[in-house]
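> the following block contains a protein sequence and its predicted model.
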Amino acid sequence: MLTKKVVLAAASSMLAATLVFAAAAQPAYAATKVDCDAVMNEVNSGKHAKDIAKDLSISTSSVYRCKKKAKEEAKASTKSKVQASAMAAMPSPAMAASAPMKPAAAASAAPAAAASK
C-alpha cells in the first residue's frame with residue numbers, strides 16, 4: 001500500500017517536471033535567424049534561390065519564405081497607399097454641405113429664380 005503511494009507520487013512528480021520543462025522550451029525558427037534583407041538584395045540582383053541559399057548558408061525554403069514575406073509587405077503597403085489616397089480624395093460630409101455650388105449649377109439656378117419673380 002505504501003509502495004503504491006510512493007510510485008504514484010514519483011510518477012506524478014516526473015509528469016509535472018516534464019510539463020514544466022516542455023512549457024519553458026521555446027522552439028527555434030529559422031525565420032528569426034535569416035536576414036531577409038540580405039536575401040532580397042541577392043534576389044534583386046538576379047541570383048537563383050539555390051545559389052542564394054548556398055552563399056548565405058541557409059535553406060532554399062528560407063529564401064522562398066523571405067520572398068513571400070517581401071511580396072506580402074509590398075502588397076500591404078500598396079493597399080494602404082490606395083486606401084489613404086481614396087480617403088484624401090473623398091470630402092467629409094461637413095465639407096460637402098458647406099461647399100459652394102458649382103458654377104454651372106449656380107448659373108442654371110439664377111435664371112430660374114429670375115423667372116419666378
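Right, received. Where do you want to start?
> going by C-alpha atoms from here, please, whenever you check contacts or count neighbours.
Fine.
> mind naming the longest helix for the protein?
As assigned by DSSP state H, the longest helix anywhere in the chain is helix 60-89.
> show me where this structure has helices.
For the chain, the helices defined by DSSP H cover 2-24, 36-44, 49-56, 60-89, 93-98, 103-115.
> let me have these in TSV, extended by mean pLDDT.
Formatted as TSV, the entries for the helices of the chain read as follows, by pLDDT from 0 to 100:
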stretch	mean pLDDT
helix 2-24	81
helix 36-44	93
helix 49-56	94
helix 60-89	84
helix 93-98	58
helix 103-115	53
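> okay, these in JSON lines with mean neighbour count next?
Supplementary listing: the helices of the chain in JSON lines, determined by neighbours: other Cα atoms under 10 Å:
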{"stretch": "helix 2-24", "mean neighbour count": "11"}
{"stretch": "helix 36-44", "mean neighbour count": "16"}
{"stretch": "helix 49-56", "mean neighbour count": "15"}
{"stretch": "helix 60-89", "mean neighbour count": "13"}
{"stretch": "helix 93-98", "mean neighbour count": "9"}
{"stretch": "helix 103-115", "mean neighbour count": "10"}
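> quick one on the thing from earlier: quick one: the longest helix of the chain to helix 36-44, angle?
90 degrees (axes from the mean of the first three to the mean of the last three Cα atoms, to 10 degrees).
> packing partners of helix 60-89?
Under the contact criterion of 3 or more Cα pairs under 8 Å, 6 or more residues apart in numbering; DSSP states H and E, helix 60-89 touches helix 36-44, helix 49-56.
> would you confirm that Cys36 contacts Cys66?
Yes. Applying Cα atoms under 8 Å as the test, Cys36 and Cys66 come out as touching, 5.4 Å apart.
> what angle do the longest helix of the chain and helix 49-56 make?
Computed by the same axes, to 10 degrees, the angle between helix 60-89 and helix 49-56 is 110 degrees.
> what about the helices and strands packed on helix 60-89, which gets the closest to Gln83?
The minimum distance between Gln83 and those falls on helix 36-44, with 26.7 Å, by Cα to Cα.
> helices or strands up against that closest one?
Counting contacts by 3+ Cα pairs under 8 Å, 6+ apart, helix 36-44 packs against helix 49-56, helix 60-89.
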